[in-house]
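Novice: Predicted model and sequence below, questions to follow.
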Amino acid sequence: MEIFSSILAVLFILYQIWDNKRLIKALSLLQIIGVILSFILYIGLATTIIYYGGNWFISFIPVKIIKYIVMFIIVGFTIYTIKVLLQKTLVKITNGIIQEQPYDSKDY
């Protein structure tokens, strides 16, 4: 099952690269490297906050259902915050190229 998930993740990344090839061609090599490093950094940061911070915080809660609710809130807040920070970082790295692109890359 793990290999299946890994293959799906790689296929999804390849699809996103293919789908956004016009956007990628508009970026310089340094910008592309900055975008890749930003994604890796922010995904790592979100994973660390959710796993270590979330588990540490909910370890103080004795009721199981409340633990699930609090962890759900932590995950949602972390994902939202990281998304906003990543968007701001990518706009700065790409000089606004990423922000100007529509969500559906087939429109441009």
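Specialist: Cool, got the structure.
Novice: Show me how far the longest helix belonging to the chain is from its chain's centre.
Specialist: Taking DSSP state H as the criterion, the chain has its longest helix at helix 64-93. With Cα atoms, centre = their mean, to the nearest Å as the basis, helix 64-93 stands 10 Å off its chain's centre.
Novice: Show me what it is packed against.
Specialist: Applying 3 or more Cβ pairs under 8 Å, 6 or more residues apart in numbering; DSSP states H and E, one finds that helix 64-93 contacts helix 29-48, helix 54-58, helix 97-100. C-beta here means a position set from N, CA and C on the backbone, and glycine is covered the same way.
Novice: Adding mean pLDDT and mean neighbour count, write those out as TSV.
Specialist: TSV is the format used below for the helices and strands packed on helix 64-93 (pLDDT from 0 to 100; neighbours: other Cβ atoms under 10 Å):
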stretch	mean pLDDT	mean neighbour count
helix 29-48	95	13
helix 54-58	94	14
helix 97-100	73	15
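Novice: so which of those comes closest to Val84?
Specialist: Across the helices and strands packed on helix 64-93, Val84 has its closest neighbour in helix 29-48 (10.4 Å, Cβ to Cβ).
Novice: can you give me the angle that closest one makes with helix 64-93?
Specialist: On the basis of axes from the mean of the first three to the mean of the last three Cα atoms, to 10 degrees, helix 29-48 is oriented at 170 degrees to helix 64-93.
Novice: circling back: pull out the buried residues from the longest helix of the chain.
Specialist: Across helix 64-93, burial judged by 16 or more other Cβ atoms under 10 Å covers Lys67, Val70, Met71, Ile74, Thr78, Ile82, Leu86, Thr89, Leu90, Ile93.
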